[in-house]
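Trainee: Fold the following for me, if possible:
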Amino acid sequence: MGPKAINNIKDKISKRGVKVREATVKDLSSMTVLLGELFSIESDFSPHVRKQRQGLASLIGDDDATVLVAEIKNEI
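Mentor: Reported below is the predicted structural model:
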């Protein structure tokens, strides 16, 4: 997906009060909670907070990766 398509999607969802932005290390706690919730409903996965947090932090710090978060009313 190219930058034009991404900007088009961002424009559409911003009209609905959703803000999409690049994740930062400040988002790790919220992202880890959400990932834990997802893992808890999938029988193939087991939540492991420390490993999930490390994996997310690694992705956020990787120049070749882009991690996005969606916010509604300043909450991820």
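Trainee: going forward, measure contacts between C-alpha atoms and count neighbours the same way
Mentor: Fine.
Trainee: Who are the contact partners of the most centrally placed residue in the chain?
Mentor: The residue lying closest to the centre of the chain (Cα atoms, centre = their mean) is residue 69, at 3.9 Å. For residue 69, the set of contacting residues under the criterion of Cα atoms under 8 Å, 6 or more residues apart in numbering consists of 20-23, 76.
Trainee: Make a PyMOL selection of the buried ones in these.
Mentor: Here is the PyMOL command that picks out the buried ones among the contacts of residue 69, judged by 16 or more other Cα atoms under 10 Å:
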select buried, resi 20+23
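Trainee: can you redo the contacts of residue 69 as TSV with pLDDT, distance to residue 7 and secondary structure?
Mentor: Compiled in TSV, the contacts of residue 69 are given as follows (pLDDT from 0 to 100; distance: Cα to Cα, whole Å; DSSP: H, G, I helix; E, B strand; the rest coil):
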residue	pLDDT	distance to residue 7	secondary structure
20	85	10	strand
21	88	11	strand
22	92	13	strand
23	95	17	coil
76	89	19	coil
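Trainee: hmm, which two among the contacts of residue 69 are most spread apart?
Mentor: Across the contacts of residue 69, the longest distance by Cα to Cα is 11.7 Å; it joins 22 and 76.
Trainee: rewinding a little: looking at the contacts of residue 69, which one is closest to residue 39?
Mentor: Checking those one by one against residue 39 (Cα to Cα), the nearest turns out to be residue 76, at 17.3 Å.
Trainee: need the contact list for that closest one.
Mentor: Under the criterion of Cα under 8 Å, 6+ apart, the neighbours of residue 76 are 30-31, 69-70.
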